[in-house]
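Student: this is a predicted model, with the sequence first.
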Amino acid sequence: MTMFDWHAERSDLDGIALLDTETTDAEIDLVAVRTYRQGRVRAKMAEFGIAALVLTDAVNIRYATGTRNMQVFTSRNQPSRYLVLTQDRSILHEFTGAEHLGEGFETVDEVRPSMTASFVAAGEHIAEREKAWARAMGALLRELVGPGEKIGIERINAGVAIALGGEGFEIVDAQQPVELARAIKSAEEMKCVNASLRATEVGVARLREAIRPGLTENELWSVLHQAVIAQGGDYVETRLLNSGGRTNPWFQETGSKVIGENELIALDTDVVGCHGYYSDFSRTFHAGPGKPSETQRELYKTAHEQVHHNMGIIRPGMTFRDYAEAAWDIPAKYHAHRYYLSAHGCGMTGEYPYLYHRGDFVDAGYDGVIEPGMTLCVESFIGEEDKGEGVKLEQQILVTDTGIELLSRFPFEESLLA
């Protein structure tokens, strides 16, 4: 066996290249997806007594309308693209010169040009621009819902928020209704989720095949990007691929480090993929050309045990507190570098709810109920403090009426489970 043949023996990937053909775009009713999502937002608005939402988060605008435009740019430059949503009107304010991108959607009643109120757009006149933005928005909201109503806003300049507060409305945060709306997926949405996962799994398979000692982390990580974009995905939200000692602690960003022989390579996909849906699973590989060490196998099998134990206890109707109580006990030697969550919601990005470890629940946790239609990612990071490598594993699941359905299908490494 040569150094360039060894990787084919690590585990069986038969069928990975065909997974993305299970559901074609033509079989997904995107009108039904968009109308369901907008209906969810409006239902939560009514539940919380909110007359109108002003959404500026690009992912939330996409959730509520299906429209997309420069998601990363417009999320950073606020407000430059925003949606005003009431119970009977949906008015998209599109980025200057891009109004055509909002046309033809049944979820958008009208497209108007936005007024960008950022420092880079207004310079030293930013305060005047923010006040002008608030006056225009206040006039529109009074026209749509009347004066003094409860208005939900999100992720916007402090100056804009203060100025809008002077327009006579009750201003509240939009996060709660929107996050709760996003938490429950429809059957058509799940087709989008699965399409995104299948495409990402193809990308991870190509990345895995490309592993060679001597590559940099950046070079290897780029393989996933190319595959995801080529299959219609959007972007990778984080830079989480590390090798060797950089796998522990977790959350060290992908860099120029050269992958060494027989090191572990840990990856969290975090792909905003097909139809804007998040594909979020984690795997750890072995760089070869030798066999994994006993220590590497112990780390891997421990992480594998944590993920599968916690998947096994999830059921509809379970409270977040009860989940924390029943979740896997992290051995003391791995506790300091534990992943900060036990599980989390997943939809068009990582989302509500966060499910915490038992020991963290008192300080960080909150209660709620695991419901059918939630998609969750079950997490594990196993690595000793100030000692050696670490292993990151994660599975994406759907909560059903009777239990769970596994969504992420990329295989685990047989050589590391041996």
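Tutor: That came through, no problem.

Student: now the helix or strand harbouring R206: buried residues?
Tutor: Using DSSP states H and E, R206 sits in helix 187-210. Under the neighbour-count criterion of 16 or more other CB atoms under 10 Å, helix 187-210 has 188-208 buried. Using the backbone N, CA and C atoms, a C-beta is placed for each residue, glycine as well.

Student: again, but for stretch 169-188
Tutor: Per 16+ other CB under 10 Å, stretch 169-188 contains these buried residues: 169, 171-172, 174, 177-186, 188.

Student: what do you get for stretch 311-320?
Tutor: Residues of stretch 311-320 classed as buried under the neighbour-count rule (16+ other CB under 10 Å) are M311, I314, R315, P316, M318, F320.

Student: likewise stretch 392-410?
Tutor: Under the neighbour-count criterion of 16+ other CB under 10 Å, stretch 392-410 has K392, L393, E394, Q395, Q396, I397, L398, V399, I404, L407, S408, F410 buried.

Student: hey, what's the first one bridged with?
Tutor: In this structure, K392 has beta-bridge partners F381, where bridges are defined by DSSP bridges.

Student: where in the stretch 1-150 of the chain is pLDDT low?
Tutor: Along the stretch 1-150 of the chain, the parts satisfying pLDDT under 70 run over 1-26.

Student: go again using 90 as the cut-off
Tutor: Per-residue confidence for the stretch 1-150 of the chain (pLDDT under 90) gives these ranges: 1-27, 74-78, 118-122.

Student: just the CA trace of stretch 258-271, in CSV.
Tutor: Taking C-alpha atoms only, stretch 258-271 is exported to CSV below (Å, rounded to 0.1, in the frame of the first residue of the first chain):
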residue,chain,number,x,y,z
VAL,A,258,0.7,21.7,7.6
ILE,A,259,-1.1,18.5,8.4
GLY,A,260,1.3,15.9,9.8
GLU,A,261,1.5,12.2,9.5
ASN,A,262,-1.0,10.2,11.6
GLU,A,263,-2.6,13.4,13.1
LEU,A,264,-6.3,13.7,13.8
ILE,A,265,-8.3,16.2,11.6
ALA,A,266,-11.5,17.5,13.2
LEU,A,267,-14.2,19.3,11.1
ASP,A,268,-17.5,21.0,11.8
THR,A,269,-19.4,21.6,8.6
ASP,A,270,-21.5,24.7,9.5
VAL,A,271,-22.7,24.9,5.9
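
Student: how far off centre is it?
Tutor: Using CA atoms, centre = their mean, to the nearest Å, the distance from the centre of stretch 258-271 to the centre of the chain it belongs to is 20 Å.

Student: swap in stretch 182-197?
Tutor: The chain centre lies 13 Å from the centre of stretch 182-197; the measure is CA atoms, centre = their mean.

Student: now do the helices in the stretch 101-250 of the chain.
Tutor: Secondary structure of the stretch 101-250 of the chain (DSSP state H, counting those that start in this stretch): helices at 119-122, 126-145, 158-165, 175-182, 187-210, 217-230.

Student: V33: what secondary structure?
Tutor: Counting by DSSP: H, G, I helix; E, B strand; the rest coil, the backbone at V33 sits in helix.

Student: okay, now it: neighbour count?
Tutor: For V33, the tally of surrounding residues (other CB atoms under 10 Å) stands at 22.

Student: renumber starting at 17 from here on
Tutor: Noted, 17 is the first residue going forward, which turns the last one into V49.

Student: list the contacts for the nearest residue to it once chain neighbours are set aside?
Tutor: Closest residue in space to V49, ignoring its immediate chain neighbours: E204 at 4.8 Å, by CB to CB, 6 or more residues apart in numbering. Under the criterion of CB atoms under 8 Å, 6 or more residues apart in numbering, the neighbours of E204 are I44, D45, L46, A48, V49, Y52.

Student: list buried residues within the residues you listed.
Tutor: Going by neighbour count (16+ other CB under 10 Å), those have I44, V49, Y52 buried.

Student: and these as CSV, adding distance to L432?
Tutor: Output for those, formatted as CSV (distance: CB to CB, whole Å):
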residue, distance to L432
I44, 35
V49, 38
Y52, 40
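
Student: any idea which of those residues is closest to A137?
Tutor: For the buried ones among the contacts of E204, the residue nearest A137 by CB to CB is V49; the value is 33.0 Å.

Student: hmm, that closest one is touching S202, no?
Tutor: Yes: in terms of CB atoms under 8 Å, V49 counts as a neighbour of S202; the distance is 7.0 Å.

Student: ends of stretch 352-368, what's the gap?
Tutor: 25 Å (CA to CA, to the nearest Å).

Student: buried residues of it, list them for me.
Tutor: Neighbour-count burial for stretch 352-368 flags 353-355, 357-368 (criterion: 16+ other CB under 10 Å).

Student: looking at those, which are in strands?
Tutor: Members of the buried residues of stretch 352-368 lying in strands (criterion: DSSP state E): A359, H360, G361, C362, G366, E367, Y368.

Student: show me what contacts the fifth one?
Tutor: Neighbouring residues of G366 by CB under 8 Å, 6+ apart: D286, Y294, D296, H360, C393.

Student: would you mind giving the domain segments of this structure?
Tutor: 67-189, 200-433 (automatic domain parsing).

Student: kind regards, and thank you for your time.
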